[in-house]
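Participant: Sharing a sequence plus its predicted fold:
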Amino acid sequence: EQWLPASEALAEHVTLYVHDRRGRGGSGDTAEYSLDTEVADIAAMMAVAGPGAHLLGHSFGALATLAYARRHGLSGGTLIAYEPPLAVQGPVAGERLAGYRELVDAGDLDGALEYALVNFVRVPAEAIPFIRETPLWGASVPLTPTWV
């Protein structure tokens, strides 16, 4: 949904395939999850798009597209990895993942999102009340279990 305006603008110039990752948007989810399933989903979409197709991924989707390109190549297309969450200042979660997992397991998804933003994304704690008032907060809370 966040990419619909950009997708509509691009679709005026190119054939566009928009992929919802498993458990996101209108896509269903599966009991088993791995990066391999993400790569397989992208491979299925790229088979439909055909040789020379370009591939854009955002956030964790950018990491999944990098994994796809590493395994399969791009057959003449271009890869755009937009805002991949790459660890450049040490581990993203490290030992703090346990605290996040505890919040998710306890069903405190709101608290888990705040914890993740402060500890993983490194948003200043003072910014959290402002972020809570944006539509992004309500859309992100249900997705917090997928970060584990």
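Facilitator: Received the coordinates, thanks.
Participant: neighbours of the closest residue to residue 92 other than its chain neighbours, just the number please.
Facilitator: Once flanking residues are discounted, residue 92 sits nearest to residue 120: 5.3 Å by Cβ to Cβ, 6 or more residues apart in numbering. Glycine gets a C-beta too; all of them are placed from N, C-alpha and C. Residue 120 has 18 neighbours, counted by other Cβ atoms under 10 Å.
Participant: for residue 120, what are its contacts?
Facilitator: By Cβ atoms under 8 Å, 6 or more residues apart in numbering, the contact set of residue 120 is 92-93, 96, 100, 147.
Participant: again, 10 Å this time
Facilitator: With contact taken as Cβ atoms under 10 Å, 6 or more residues apart in numbering, residue 120 is in contact with 85, 87, 91-94, 96-97, 100, 147.
Participant: From residue 38, how far out is it?
Facilitator: 19 Å (Cβ to Cβ, to the nearest Å).
Participant: Next: residue 65.
Facilitator: For residue 65 relative to residue 38 (Cβ to Cβ), the value is 9 Å.
Participant: out of those two, which sits in the busier spot?
Facilitator: residue 65 (25 against 21).
Participant: The more buried one against residue 39, yeah?
Facilitator: Yes. Assessed by Cβ atoms under 10 Å, residue 65 is found in contact with residue 39 at 9.0 Å.
Participant: Sounds good, over and out.
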